[in-house]
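Trainee: Got a predicted structure plus its sequence, pasted below:
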Amino acid sequence: MLVAPGVFLNVTATELWYANMRAGRCFARATGLGAGGAGNFSKAQLKNPVASGVQCVVRACIAGPVTTTDILNIYRNDTDLASDTGAGINLLIGGAGGASHARFEQTAGHPATQIGTFMTLANTSYQVAPDWLCELSPGQGVEIDMVTANLGLQVMWFWMENPQ
């Protein structure tokens, strides 16, 4: 990690996360969706709003289908999903809420820009990234979708926000 011109420190992802949590910059938020109806896919998104003034670094996303084995896809999607679960809850208990929001919807179709895919077993959660998933600038979002229509989805996002 670069701390000054020409000065580097070796820190683990866990140490970086802990230091930022102690500084009040780490957040979490969950979204749970039931079956979406015929032809509709369950979708969960983490969105860094336009003009937020922060970089949102996604530490982890823990996701899983509610009732059956299925494949989940990760997408880049900068369009707000319809429903807002709310701003991130500060993991420094009592700290201010985050700028980024967890969002969800159940509609037909998927975004165009797929980042990856993974399979999960019924009622089994899967941590999408071992250390870091992605970084979102203001106006950017990342989304997890079920591949099969009319299934429920549970998603827990963990992220850190740093001033731009």
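Mentor: Cool, got the structure.

Trainee: Low-confidence stretches in this protein?
Mentor: In the predicted model of the chain, residues 1-4 satisfy pLDDT under 70.

Trainee: quick one: the strands in it?
Mentor: Assigned by DSSP state E, the chain shows strands spanning 2-4, 7-8, 26-33, 41-47, 54-65, 70-76, 83-87, 89-90, 101-107, 113-120, 126-127, 134-136, 141-146, 153-163.

Trainee: correct me, but V142 touches R76?
Mentor: Yes: using CB atoms under 8 Å, V142 is in contact with R76, at 6.4 Å. From N, CA and C alone the C-beta is placed, and that goes for glycine too.

Trainee: Looking at the two, which is more packed in?
Mentor: Neighbour totals were compared for V142 and R76, and V142 leads with 25 against 15 (other CB atoms under 10 Å).

Trainee: re earlier: most tightly packed of the strands of the chain?
Mentor: With neighbours taken as mean count of other CB atoms under 10 Å, those reach their highest mean count in strand 41-47, at a mean of 27.

Trainee: angle of it against strand 101-107?
Mentor: On the basis of axes from the mean of the first three to the mean of the last three CA atoms, to 10 degrees, strand 41-47 is oriented at 160 degrees to strand 101-107.

Trainee: what helices or strands is strand 41-47 leaning on?
Mentor: With contacts taken as 3 or more CB pairs under 8 Å, 6 or more residues apart in numbering; DSSP states H and E, strand 41-47 sits against strand 26-33, strand 54-65, strand 101-107, strand 141-146, strand 153-163.

Trainee: Which of those sits closest to G95?
Mentor: G95 lies closest to strand 26-33 among those, at 8.9 Å (CB to CB).
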